[in-house]
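Engineer: I'll drop the sequence and a predicted model, then ask my questions.
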Amino acid sequence: MVDPAYYFSYTPMNVAPEVAAAIFIGFSVALALKTAKSRGPRWLLILSVTAFSEAVGYAFRAVCIYWTTLGTFTAMSLFLLLPPNALALTNYKTLGEVVKSAYHSPLQRGYGAEPPRSIFLRPRFITWFFFTSDVFSFLLQGAGVGISTQEEQRTLGKQTILAGLAVQLFFFAAFLCIASYVFFDRRFTVARGPKDVDSREAKRRLFRVIISTTLLLYLRSVYRVAEFVGGYGSKVYGTEWLFYVFDTVMVMASFVIYMQSFIGYHFQGHDSDPKDGIMVPMNRLVL
């Protein structure tokens, strides 16, 4: 065991990580229940698993306050740096499902409307291209944390993490451009949730979730870049409140948004009403 300041460059405050862990556990349970209640697709359980992983990370941070070792610090770093990448994956999958409906359901895009032909608007491209970028970024950041455990390789580890974050920021920006285009294109419609008056309101609600959470993750990644560029002992790395504001709060705010406008209500395996693109159960369609 060593002094926590050896790894943190400051003495981390007590209580805060315990509170954060409890909040993320609450998010994990609540999102799992919402997924079940909404009959949403199983891939939405990514949200619950991510929240649980965040809780594990803060649990390791709490342990580090009293028992700091290379192992506990590395575990903390991995669980706090990597899991939010999965939130981006959720957004990629969500947009891919919206685009898929325009390809596979004439009722969804309206009679006579042609599906989009651009490769950038193909469901497989959106889901797998951005999924691959997310995994690549994840692996780079994870490898960087692993390399950093060797004191003589810390510079290389930092550079590897920065490369992963740079990849992430680039693809976040590209994703936001495509998501904005899909939002304004009327060929793409979204199923109504329980709080939506019509499909237009449903689309606005869903895209507020996608875009706002992606922007929050973007801000978090910018903070992480500044943290690693400065390196150990820099003002950004050595200021604890910056971590809680630009990492903890950003991720928590994302989960609050997912809770308030749950994605699962828009993907329940329903078909659409030809009048306005509203999704209704198959057994209620008049044939």
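Structural biologist: Alright, I've got the coordinates. For clarity, every value in this text was computed on a predicted model and none was experimentally measured.
Engineer: Okay, now the unreliable bits of this structure?
Structural biologist: Applying pLDDT under 70 to the chain flags the ranges 103-120, 268-287.
Engineer: all helices of it, in order?
Structural biologist: 5-8, 16-38, 45-66, 70-81, 85-104, 106-109, 123-124, 130-148, 154-184, 199-230, 240-243, 249-260 (DSSP state H).
Engineer: what does the last one contact?
Structural biologist: Contacts with helix 249-260, where a contact means CB atoms under 8 Å, 6 or more residues apart in numbering, come from 20, 23-24, 27, 30-31, 34, 47, 51, 54, 84, 87, 90, 208-209, 212-213, 216-217, 219-220, 223. Every C-beta, even on glycine, is put in place using the N, C-alpha and C of the backbone.
Engineer: please redo it, this time with the cut-off set to 7 Å
Structural biologist: 23, 27, 30-31, 47, 51, 54, 84, 87, 209, 212-213, 216-217, 219-220 (CB atoms under 7 Å, 6 or more residues apart in numbering).
Engineer: CA atoms only for that helix, dumped as CSV, please.
Structural biologist: Provided in CSV are the C-alpha atoms of helix 249-260 (Å, rounded to 0.1, in the frame of the first residue of the first chain):
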residue,chain,number,x,y,z
VAL,A,249,-21.8,14.7,-13.5
MET,A,250,-21.6,14.3,-17.3
VAL,A,251,-22.2,10.6,-17.1
MET,A,252,-24.9,10.9,-14.4
ALA,A,253,-26.7,13.6,-16.5
SER,A,254,-26.7,11.2,-19.4
PHE,A,255,-28.4,8.5,-17.3
VAL,A,256,-31.0,11.0,-16.1
ILE,A,257,-31.8,11.8,-19.7
TYR,A,258,-32.1,8.1,-20.5
MET,A,259,-34.4,7.6,-17.5
GLN,A,260,-36.7,10.5,-18.3
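Engineer: Okay, buried residues for that helix please.
Structural biologist: For helix 249-260, a neighbour-count test (16 or more other CB atoms under 10 Å) marks 250-252, 254-255, 257-258 as buried.
Engineer: tell me the angle it makes with helix 85-104.
Structural biologist: 40 degrees (axes from the mean of the first three to the mean of the last three CA atoms, to 10 degrees).
Engineer: Thank you kindly, that will do.
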